[in-house]
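K.L.:
sequence and predicted structure below; questions after.
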Amino acid sequence: MRDIYALDDAARDRANKTPYDEIALLKASGLNRLFGPRELGGGEGEWPLAYKVIREVSRGDGSIGHLLGYHYMWFNVPRLAGTPEQITRIEAEATRNNWVMAGAINARDNDVVVRDEGDYLVFNGKKNFATGVKISDVTILEGVLEGTDIHVVAPVPTNQPGMITHDNWDNMGQRLTESGSTTIKDVRVPWKDAIGFTADKKFHERAYATMNVPLGQLVFGAIWLGIAAQALDETAVYSHKHGKGWGGYDRLIDEPRVLDVLGDLTAKLWAADALVDQVAQEGLELHRNPDAVTPRSRGEYKIRSASVKIIADATALEITSRIFEITGARSTSEKFRFDRFWRNARTHTLHDPVFYQKQEIGNFLLHDEIPTPGWYS
């Protein structure tokens, strides 16, 4: 998969076309069913493997790795907060029907308004960023029940008149993620699909439901490090095929300067990869025993995931900008499109300021404070 996506990654970035073919390939591979039940064609995988898959796909195309990583997060929403019945039913439907999932959830937008109509909920609103909705089969919606402060999350079929996607994703990076806006107009959802709500409309609350943030931070890290790895892969290929030596060296690949920079960047990438893998393993017991997760154990794990976000952010940005020290001025030609790696990393690392992740770690170390669960903490 990685190698297939990498074949024409630069050309597809240039064309900026909706990645229907790339998503069809992803679905044909079965990677979208990684977490699903085996008897229905799923892999019954766990998060440490998922992060590696995201990293590998991102190493071929950061946008497709991004869409896959987000799909995994949305697929896992029932596991995070759902009732046992919802977990079993929705995972079975998603696996059997080979869904790719997206989410129209952005905490920095105005809340979607949810109207209670007896057996149904009706969602209305708009989300300015809704990554992957246009290419998805099912979208996770989130809103606030009218007249209350109660948040409701539910999966809905994407292909319906009330789900209106807008072709306005024109950002400089992650160009194939279809992260533009979505309008939600009179979308009806059965109450039984409101994640975490029981038949009497009471919420099934547990600390594990707030694990979405540390999960997401490791997904982000895997995407960014995959992008950085592809940048190094293509730098090595370019150095062999097109590189011109300096300082008396005929071949670029023999220059001590080049060996030094490439060795330095590769070591940093390997160290960041190892951190993701380590923190992923640390979280395995929490995912295997969700009902045993406490606010404290969740908070301590959130601190560890913050370290992944900090290191992956810095590593990806350094690698994607410094590769030009190796490849030189000729490599800035449009035909190579090496700038896409930095554009992709820079665009997505702006998702939420890394400053606040550093602050959380500092507060934990100096004051023994764990983060209060929120959209980004």
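P.N.:
Yes, it's here. Numbers count the residues shown, from 1 in each chain.
K.L.:
in the stretch 151-300 of the chain, which spans are helices?
P.N.:
212-241, 256-282, 284-288, 295-327 (DSSP state H, counting those that start in this stretch).
K.L.:
show me the one of those that comes nearest residue 3.
P.N.:
helix 212-241 (10.0 Å; Cβ to Cβ). The way it works is simple: take the backbone N, C-alpha and C, and place the C-beta from them, glycine included.
K.L.:
flag every buried residue along that closest one.
P.N.:
Using 16 or more other Cβ atoms under 10 Å as the test for burial, helix 212-241 gives 212-232, 234-236, 238-239.
K.L.:
residue 220 versus residue 213, what's the distance?
P.N.:
11 Å (Cβ to Cβ, to the nearest Å).
K.L.:
and if you look at residue 234?
P.N.:
Distance of residue 234 to residue 220, computed by Cβ to Cβ: 22 Å.
K.L.:
what does residue 230 give?
P.N.:
On the measure of Cβ to Cβ, residue 230 and residue 220 end up 16 Å apart.
K.L.:
lowest-confidence helix or strand of the chain?
P.N.:
Least confident element among the helices and strands of the chain, by mean pLDDT, DSSP states H and E: helix 2-7 (a mean of 85).
K.L.:
packing partners of the next helix or strand after that one?
P.N.:
Moving toward the C-terminus from helix 2-7, the next helix or strand (DSSP states H and E) is helix 9-15. If you count contacts as 3 or more Cβ pairs under 8 Å, 6 or more residues apart in numbering; DSSP states H and E, helix 9-15 packs onto helix 339-349.
K.L.:
what sits against residue 121?
P.N.:
Contacts for residue 121 (Cβ atoms under 8 Å, 6 or more residues apart in numbering) come out as 114-115, 145, 152, 154, 188-191, 194.
K.L.:
what is the nearest of these to residue 90?
P.N.:
Looking across the contacts of residue 121 and measuring by Cβ to Cβ, the closest to residue 90 is residue 154, at 10.0 Å.
K.L.:
how many neighbouring residues does that closest one have?
P.N.:
Applying other Cβ atoms under 10 Å, we find 25 residues neighbouring residue 154.
K.L.:
residues touching it, list them.
P.N.:
Under the criterion of Cβ under 8 Å, 6+ apart, the neighbours of residue 154 are 121, 123, 140-141, 189, 193-195.
K.L.:
got those as a markdown table, with distance to residue 375 and pLDDT columns?
P.N.:
A markdown table is the format used below for those (distance: Cβ to Cβ, whole Å; pLDDT from 0 to 100):
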| residue | distance to residue 375 | pLDDT |
| --- | --- | --- |
| 121 | 21 | 98 |
| 123 | 18 | 98 |
| 140 | 14 | 98 |
| 141 | 15 | 98 |
| 189 | 21 | 97 |
| 193 | 22 | 97 |
| 194 | 19 | 98 |
| 195 | 16 | 97 |
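K.L.:
which ones among these are found in strands?
P.N.:
121, 123, 140-141, 189 (DSSP state E).
K.L.:
among these, which one has the most neighbours?
P.N.:
Counting by other Cβ under 10 Å, top hit in the ones in strands among the contacts of residue 154: residue 141 with 26 neighbours.
K.L.:
that one reaches residue 188, doesn't it?
P.N.:
No: the pair residue 141 / residue 188 is not scored as a contact, 11.0 Å apart, by Cβ atoms under 8 Å.
K.L.:
which of the contacts of residue 121 has the most neighbours?
P.N.:
residue 114 (27 neighbours).
K.L.:
now do the contacts for the residue lying closest to that residue once chain neighbours are set aside.
P.N.:
Leaving aside its sequence neighbours, residue 114 sits nearest to residue 143 (Cβ to Cβ, 6 or more residues apart in numbering; 4.0 Å). For residue 143, the contact set (Cβ under 8 Å, 6+ apart) comprises 111-114, 123, 125, 151-152.
K.L.:
JSON lines for these, including distance to residue 181?
P.N.:
Putting the contacts of residue 143 into JSON lines (distance: Cβ to Cβ, whole Å) gives the following:
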{"residue": "111", "distance to residue 181": "15"}
{"residue": "112", "distance to residue 181": "13"}
{"residue": "113", "distance to residue 181": "17"}
{"residue": "114", "distance to residue 181": "19"}
{"residue": "123", "distance to residue 181": "15"}
{"residue": "125", "distance to residue 181": "11"}
{"residue": "151", "distance to residue 181": "20"}
{"residue": "152", "distance to residue 181": "21"}
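K.L.:
of those, closest to residue 55?
P.N.:
Nearest member of the contacts of residue 143 to residue 55, counting by Cβ to Cβ, is residue 151, at 31.3 Å.
K.L.:
correct me, but the closest one touches residue 141?
P.N.:
No: Residue 151 is beyond contact range of residue 141, at 10.9 Å (criterion: Cβ under 8 Å).
K.L.:
go through stretch 313-325 and flag the buried ones.
P.N.:
Buried-residue list, stretch 313-325, by 16+ other Cβ under 10 Å: 313, 315-320, 322-323.
K.L.:
show me how far it is from its chain's centre.
P.N.:
Stretch 313-325 sits 20 Å away from the centroid of its parent chain (Cα atoms, centre = their mean, to the nearest Å).
K.L.:
now what about that stretch, what contacts it?
P.N.:
221, 224-225, 227-228, 231-232, 235, 261, 265, 268-269, 271-272, 331-332, 338, 341-342, 344-346, 349, 354.
K.L.:
what's the spacing between the residue of the chain lying at maximal distance from its centre and residue 257?
P.N.:
No residue in the chain sits farther from the centre than residue 248, which is 44.9 Å out by Cα atoms, centre = their mean. Noted for residue 248: a distance of 12 Å to residue 257, by Cβ to Cβ.
K.L.:
same deal with residue 194?
P.N.:
According to Cβ to Cβ, residue 194 and residue 257 sit 59 Å apart.
K.L.:
next, count neighbours for the nearest residue to residue 203 once chain neighbours are set aside.
P.N.:
With sequence-adjacent residues excluded and distances taken as Cβ to Cβ, 6+ apart, residue 203 is closest to residue 196, at 5.3 Å. By other Cβ under 10 Å, the residues close to residue 196 number 21.
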